[in-house]
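Q: Sharing a sequence plus its predicted fold:
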Amino acid sequence: MGLDEDALDYHRRDPPGKVAIETTKPTSTQRDLSLAYSPGVAAPCRAIADDPTDAYTYTSKGNLVGMVSNGSAVLGLGDIGAQASKPVIEGKGVLLKRFADIDVFDFELDTDDPDAIVEAVSLTEPSFGGIHVEDIKAPECFDIEERLRERMSIPVYHDDQHGTAIVSGAALLNAVDIVDKELENLEVTFAGAGASAIATADFYVSLGVPRENVTLVDSEGIVTTARADAGEVNDYKAAFAQDRPAGDLADAMDGADVFVGLAVGDLVDGDMVRSMAENPVVFAMANPTPEIGYHEARDARDDTVIAATGRSDFPNQVNNVLCFPFIFRGALDVRATEINEEMKVAAARALADLARQDVPDAVAKAYGDEPLQYGPEYLIPKALDPRVLFQVAPAVAEAAVESGVARLDRDLDAYVEELEARLGKDREMMRIVLNKAKTDPKRVALAEGTNAKTIRAASQMVEEGIARPVLLGDREVIERRVADLGLDFDPEIVDPAAADRLDAYADHLYEARRRKGITRVEAEDLVRTDTDYFGSVMVAMGDADALLTGLTHHYPSALRPPLQIVGTAEDAEYAAGVYMLTFKNRVIFVADTTVNQDPGAAELAEIGRHTGELARRFNVDPRAAFLSYSNFGSVDNAGTRKPRRAAEMLREDPEVDFPVDGEMQADTAVVEDILEGTYDFADLEEPANVLIFPNLEAGNIGYKLLQRLGGADAIGPMLVGMDKPVHVLQRGDEVKDIVNLAGVAVVDAQERDGGA
């Protein structure tokens with residue numbers, strides 16, 4: 001099946017199209033309906049009549065964008081008309097929802113009359129928080145956007161003009177940084193003089209390129225003052241007319257520092273690239289065929305050629321999706337009256353800055369595990385990088401406030417957390433812990449200090465201020481890898497082979513294990529050569545507050561040294577592994593998932609207590625359920641009596657002040673109707689958020705099913721019950737997992753110190 005047939009099948013699948021409306025409030029009872037419509041709806045109507053700004057409080061206006069087109073300039077298809085453009089405009093709405101959680105109504109206008117479009121769109125202002133104009137031909141699009149901005153007091157944005165400008169502007173900022181040139185000295189040549197090219201040229205001027213250094217080339221050649229004076233070009237082109245001889249694109253590119261292609265494919269050859277200035281920048285962005293191929297441009301000369309295209313199969317794709325969802329997100333969230341130049345510049349600078357930061361493993365995996373590191377082949381972030389939302393939107397919001405077009409001010413730190421929560425409940429929950437960690441960062445020993453992921457995680461811990469990481473391992477190897485990774489980071493390194501306290505550590509290990517098969521010589525060898533043992537002793541002796549290990553080991557072998565040396569807490573006989581599973585509107589903690597194969601009732605009770613304590617570190621009030629295939633004695637045998645007895649023991653514990661019940665089936669534990677209906681005697685008045693499984697097999701199977709089939713995001717495993725904060729990673733964990741567990745370990749250490 002070819003691509004066209006695949007696309008047709010995708011769009012016609014029931015229900016047809018790509019968008020739908022869903023309700024955001026309960027509608028299951030008569031009372032729900034009376035609140036949603038008559039008679040309850042009268043109250044918000046009266047409030048809005050008295051104060052129109054209450055529309056943002058009582059309706060979806062503040063998160064709703066109108067996507068409008070007449071289909072006169074659909075990318076790659078031309079003037080196909082309003083009706084035929086609907087799949088494209090729906091698709092643009094999908095991108096707003098997918099990347100920035102913005103709701104969209106698309107409406108296609110069957111007219112080529114700019115006056116009619118302006119009149120129709122401006123009349124919709126009460127419905128929308130913003131207007132996105134799309135696929136309207138030039139030069140009418142300039143006039144339509146300008147007039148709509150004048151008539152409407154909500155943001156109006158034409159992506160065909162500004163999207164490529166902003167994203168390529170971010171690429172330009174980084175390109176000139178890499179080749180060590182200054183914006184004010186650049187000579188820039190544009191192939192194409194349509195809406196996108198002119199808007200991009202204008203934007204480069206806003207970034208600092210002198211207008212007199214920008215040359216436009218249209219189908220008739222260089223846009224000169226002679227052509228402008230003769231009335232051969234429109235006013236928008238005339239703004240860039242240069243007092244220079246007539247010529248073609250090859251003439252315009254001779255000696256230029258930057259080429260920007262927004263025209264048609266195969267306009268440029270290697271000789272034209274070779275004629276450019278030293279270390280040129282070539283942005284060939286015509287789609288689907290660029291003005292010159294990426295590799296052809298790079299191979300045209302021996303010095304550095306920084307190239308970008310609009311294609312996803314080459315590095316440095318200039319993709320508008322990096323821009324418009326996040327500009328609208330920031331504009332909507334401060335109720336901006338417009339999207340101005342300051343907001344667009346802020347977006348470009350935020351994108352440029354993000355490209356200079358370490359790239360999450362999940363992003364690299366999404367792009368085939370290709371290396372992504374700031375440089376000639378990585379100028380701008382990837383479209384699937386989730387950090388774009390909470391880097392660009394706050395920058396746009398802040399620029400709107402500072403430039404005076406915002407109706408609301410926002411606390412930027414709180415706003416970033418709000419945006420992170422839009423990406424998933426796991427981010428919201430981890431932000432609670434990471435914020436606590438920042439109040440008093442602790443020393444965290446990282447046993448696998450030579451590992452690139454560990455080093456990158458340590459860099460992020462320092463940058464975010466959540467911990468004081470200590471990398472354990474060969475100093476020369478670590479320093480070399482820090483340099484190879486391009487990190488601006490001076491880590492604390494402890495090389496066990498050259499450590500000042502090696503003898504003291506060997507003595508400590510020998511004292512702890514001498515009656516368990518370890519000699520003094522073996523103890524010294526272990527702390528010198530095995531960073532798990534060295535790190536465990538380091539924590540046990542108070543030279544570090546917490547330990548993370550396990551990234552390159554099997555879980556049992558990584559856990560063994562901490563259990564032998566650090567051991568369990570005074571009030572604990574057992575350690576256990578806990579995962580936090582986050583769903584869209586729910587968080588649950590599940591245990592034991594990694595340590596105890598077949599715990600007894602006393603072990604289960606203790607695991608339940610420690611898991612409840614862990615939940616409180618995430619500001620979650622625990623409600624614990626001990627799971628079984630039986631409900632409150634419906635089956636009576638040794639297997640069901642174990643969780644039943646564990647629940648009784650935990651309820652009898654004077655230090656436990658949260659509700660506990662069991663044994664019960666999993667659906668009984670988490671479904672409110674079952675608890676309140678069939679088992680209204682249960683001690684749980686609300687569904688459980690701490691689930692204790694009867695054994696390791698059930699726990700491990702259960703959490704993985706919830707993660708894979710239930711769509712849960714998993715954070716962990718978090719080790720509870722240890723005498724000091726120790727966490728064992730899973731092999732293959734990503735950098736963010738290491739950072740998250742470091743945050744959990746720091747908060748654990750704070751609580752043990754009586755702090756945060």
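A: That came in fine, so what should we check first? Please read all numbers here as calculations on a predicted model, not as lab measurements. Numbers count the residues shown, from 1 in each chain.

Q: count of neighbours near Val318?
A: Residues lying near Val318 (other CB atoms under 10 Å) number 28. In this view, the C-beta of every residue, glycine as well, is placed from N, C-alpha and C.

Q: Tell me which residues touch it, please.
A: By CB atoms under 8 Å, 6 or more residues apart in numbering, the contact set of Val318 is 164, 167-168, 171, 283, 285, 308-310, 380.

Q: Against Ala193, how distant is it?
A: Look at Val318 and Ala193: by CB to CB, to the nearest Å, they are 18 Å apart.

Q: Repeat that for Met649.
A: 79 Å.

Q: The two: which is more packed in?
A: For Met649 versus Ala193, neighbours defined as other CB under 10 Å are more numerous around Ala193 (23 against 19).

Q: Val223 is in contact with the more buried one, correct?
A: Yes: between Ala193 and Val223 a contact is recorded at 6.3 Å, counting by CB atoms under 8 Å.

Q: so what sits against both of those two?
A: The contact sets of Ala193 and Val223 overlap at 216-217, 233, 237, 240 (CB under 8 Å, 6+ apart).

Q: For PyMOL, write a command that selects the buried ones of the residues you listed.
A: Filtering the shared contacts of Ala193 and Val223 down to the buried ones (16 or more other CB atoms under 10 Å) takes a single PyMOL command:
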select buried, resi 216+217+233+237+240
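
Q: So which of the shared contacts of Ala193 and Val223 belong to strands?
A: 216-217 (DSSP state E).

Q: How is this structure partitioned into domains?
A: 3-24+60-154, 162-314, 322-421, 432-565, 576-721 (automatic domain parsing).

Q: what would those domains look like in a markdown table with distance to Gln750?
A: Output for these, formatted as a markdown table (distance: least, CB to CB, whole Å):
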| stretch | distance to Gln750 |
| --- | --- |
| domain 3-24+60-154 | 33 |
| domain 162-314 | 39 |
| domain 322-421 | 20 |
| domain 432-565 | 5 |
| domain 576-721 | 9 |
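
Q: Adding mean pLDDT and distance to Ala749, write those out as CSV.
A: Shown next, in CSV, are the domains of the chain (pLDDT from 0 to 100; distance: least, CB to CB, whole Å):
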stretch, mean pLDDT, distance to Ala749
domain 3-24+60-154, 89, 35
domain 162-314, 93, 39
domain 322-421, 90, 23
domain 432-565, 91, 4
domain 576-721, 90, 11
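
Q: Between those domains, which one is closest to Lys736.
A: domain 322-421 (5.9 Å; CB to CB).

Q: circling back: between the contacts of Val318, which is closest to Asp6?
A: Ranked by distance to Asp6 (CB to CB), the contacts of Val318 are led by Gly310 at 21.6 Å.

Q: That closest one: what's it in contact with?
A: Neighbour list for Gly310: 285-287, 290, 317-319 [criterion: CB under 8 Å, 6+ apart].

Q: just the buried members of those?
A: With burial judged by 16+ other CB under 10 Å, the buried subset of the contacts of Gly310 is 285-286, 290, 317-319.

Q: Okay, strands next: where are they in the stretch 1-150 of the chain?
A: Here the stretch 1-150 of the chain has its strands, by DSSP state E, counting those that start in this stretch, at 64-69, 103-108, 130-133.

Q: Show me how far the last one is from its chain's centre.
A: Put simply, strand 130-133 sits 24 Å off its chain's centre (CA atoms, centre = their mean, to the nearest Å).

Q: Stretch 723-730 too?
A: Distance, centroid of stretch 723-730 to centroid of chain: 26 Å (CA atoms, centre = their mean).

Q: Now do the end-to-end distance for stretch 538-551.
A: End-to-end distance for stretch 538-551: 19 Å, by CA to CA, to the nearest Å.

Q: tell me which residues in that stretch are buried?
A: Buried, per 16+ other CB under 10 Å, within stretch 538-551: 538-540, 543-551.

Q: same question, stretch 404-421
A: In stretch 404-421, counting by 16+ other CB under 10 Å, buried: 405-406, 410, 415-421.

Q: Give me the subset of the residues you listed lying in helices.
A: Among these, the residues falling in helices (DSSP state H) are 415-421.

Q: Any chance of JSON lines for the contacts of Val318, columns distance to Arg560?
A: Below are the contacts of Val318 laid out as JSON lines (distance: CB to CB, whole Å):
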{"residue": "Thr164", "distance to Arg560": "56"}
{"residue": "Val167", "distance to Arg560": "50"}
{"residue": "Ser168", "distance to Arg560": "54"}
{"residue": "Ala171", "distance to Arg560": "50"}
{"residue": "Phe283", "distance to Arg560": "55"}
{"residue": "Met285", "distance to Arg560": "56"}
{"residue": "Ala308", "distance to Arg560": "50"}
{"residue": "Thr309", "distance to Arg560": "52"}
{"residue": "Gly310", "distance to Arg560": "53"}
{"residue": "Ile380", "distance to Arg560": "45"}
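
Q: nearest to Ala366, of those residues?
A: Lowest distance from Ala366 to the contacts of Val318 (CB to CB) belongs to Ile380, with 15.4 Å.

Q: right, and the closest one touches Leu322 too?
A: Yes: look at Ile380 against Leu322 with CB under 8 Å: they come within range, at 6.6 Å.

Q: Number of residues surrounding Asp333?
A: Asp333: 23 surrounding residues under other CB under 10 Å.

Q: if I look at Pro469, how far off is Cys141?
A: Distance from Pro469 to Cys141, by CB to CB: 51 Å.

Q: swap in Asp54?
A: Counting by CB to CB, the gap from Asp54 to Cys141 is 34 Å.

Q: and these two? which has more neighbours close in?
A: With neighbours defined as other CB under 10 Å, Asp54 and Cys141 compare such that Cys141 has more, 25 against 16.
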